[in-house]
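Asks: Structure for this input, please:
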Amino acid sequence: MTRFTPAELGRRIGSGLLSFPVTHFAGDLSFDEDAYRANIVRLGKYDAAGLFAAGGTGEFFSLTPAEVEQVVTAAVQSAPDDTPILAPAGYGTTTAVEFAAAAERAGADGILLFPPYLTEAGQEGLARHVEAVCRATSLGVIVYSRANAVYSAETVARLADNCPNLIGYKDGVGDIDTVTRIHARLGDRLTYIGGLPTAETFALPYLQLGVTTYSSAIFNFLPEFALDFYTAVRELRQADVTRMLTDFVLPYTEIRNRQAGYAVSIVKAGMTATGHPAGPVRPPLTDLAPQELDELTALINQIHPTA
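Replies: Numbers count the residues shown, from 1 in each chain. Sure thing, here's the model as predicted:
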């Protein structure tokens with residue numbers, strides 16, 4: 001049984017930094033459950049407001065439905081009792097509903113609803129997609145606006161009216177106008193999450209729009225740095241934010257931007273660089289080249305010599 005009502009979950013995830021753990025793979029690309037569980041225990045020692053198992057950084061797109069349920073179950077059983085676990089749902093509407101049911105079976109506290117697979121859809125179709133998933137579960141649901149599922153302010157308002165268990169809006173587009181319109185219209189009805197790759201680069205300006213939290217991939221391998229950065233953002237310490245952006249985040253994104261898919265690959269490389277290897281990424285992603293791993297390791301050691 002879930003430990004958080006949708007309303008409680010919304011408040012909780014909006015109160016702190018969010019972690020999106022990587023999914024551990026063995027050399028043959030099978031799920032390494034023991035290593036994954038150990039990593040969830042490690043991350044659980046830090047003050048994250050929620051762990052999103054098998055999310056984008058966790059390579060949801062490369063996992064089978066059975067593997068997703070296995071990953072989410074392992075996270076639920078390994079995380080501290082007071083740390084909410086959110087599971088993914090996606091692909092077509094029927095499949096997304098099945099993922100939502102699996103999340104409940106696994107004991108997750110909420111759902112991050114990814115865009116439908118491949119096809120484009122209008123606002124009416126997207127609304128029906130979200131409504132179907134919300135009706136199918138008692139868990140709190142967060143919509144992820146990105147790629148082929150970019151929700152208008154009007155659609156989000158409709159969903160907030162029609163779906164009591166819709167608790168959050170995650171922005172993966174960076175459309176400030178839309179975020180402003182949604183927040184102005186709905187206020188604290190939803191929790192707003194920054195979801196652009198390396199969300200730290202947008203965290204301070206987005207805070208002014210009501211986006212109180214974001215998904216930190218850096219938390220996987222530098223949790224202390226990620227938490228310090230989040231605190232600086234929430235305390236509006238502009239100089240400290242700028243310093244941390246300049247010293248680490250922006251050079252990090254320069255490596256990330258060299259190849260499509262590196263937003264995930266660089267996180268697993270960071271795990272290797274800090275002594276917490278999580279195995280390779282699965283195709284169609286590719287791992288960083290050896291010289292890029294060396295470059296990332298040197299960058300990490302500049303700010304965290306004991307990593």
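Asks: For residue 82, which three-state class applies?
Replies: coil (DSSP: H, G, I helix; E, B strand; the rest coil).
Asks: Could you find the closest non-adjacent residue to it?
Replies: residue 3 (7.8 Å; Cβ to Cβ, 6 or more residues apart in numbering). All C-beta spots, glycine's among them, are computed from the backbone N, C-alpha and C.
Asks: Report the contact partners of the one you found.
Replies: 81, 82, 84, 109 (Cβ atoms under 8 Å, 6 or more residues apart in numbering).
Asks: Scan these and report the most crowded one.
Replies: residue 109 (25 neighbours; other Cβ atoms under 10 Å).
Asks: Now do the residue nearest to that residue when sequence neighbours are not counted against residue 161, distance only.
Replies: The shortest distance from residue 109 to any non-neighbouring residue, by Cβ to Cβ, 6+ apart, is to residue 84 (4.1 Å). Going from residue 84 to residue 161 by Cβ to Cβ, to the nearest Å gives 25 Å.
Asks: With residue 216 instead?
Replies: As judged by Cβ to Cβ, residue 216 and residue 161 stand 31 Å apart.
Asks: Can you show me the helices along the stretch 51-200 of the chain?
Replies: 65-78, 93-106, 123-135, 153-162, 176-186 (DSSP state H, counting those that start in this stretch).
Asks: who touches the third one?
Replies: If I follow you right, that is helix 123-135. 89, 93, 96-97, 100, 111, 113, 116, 121, 141, 143, 149, 151-152, 154-155, 158-159, 162-163, 165-166.
Asks: helices or strands next to the strand or helix carrying residue 301 in the packing?
Replies: Under the criterion of DSSP states H and E, residue 301 resides in helix 290-303. Helix 290-303 sits against helix 250-256, helix 262-273, with contacts defined as 3 or more Cβ pairs under 8 Å, 6 or more residues apart in numbering; DSSP states H and E.
Asks: How far off centre is it?
Replies: 24 Å (Cα atoms, centre = their mean, to the nearest Å).
Asks: likewise stretch 283-291?
Replies: 21 Å.
Asks: Could I get the CA-only coordinates of it as CSV?
Replies: What follows is stretch 283-291 as a C-alpha-only set of coordinates in CSV (Å, rounded to 0.1, in the frame of the first residue of the first chain):
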residue,chain,number,x,y,z
PRO,A,283,21.8,0.4,-27.1
PRO,A,284,20.7,2.6,-28.8
LEU,A,285,22.8,4.7,-26.4
THR,A,286,26.6,4.6,-26.5
ASP,A,287,29.1,5.1,-23.7
LEU,A,288,31.5,8.0,-23.5
ALA,A,289,34.8,7.5,-25.3
PRO,A,290,37.7,6.7,-23.0
GLN,A,291,39.2,10.1,-23.5
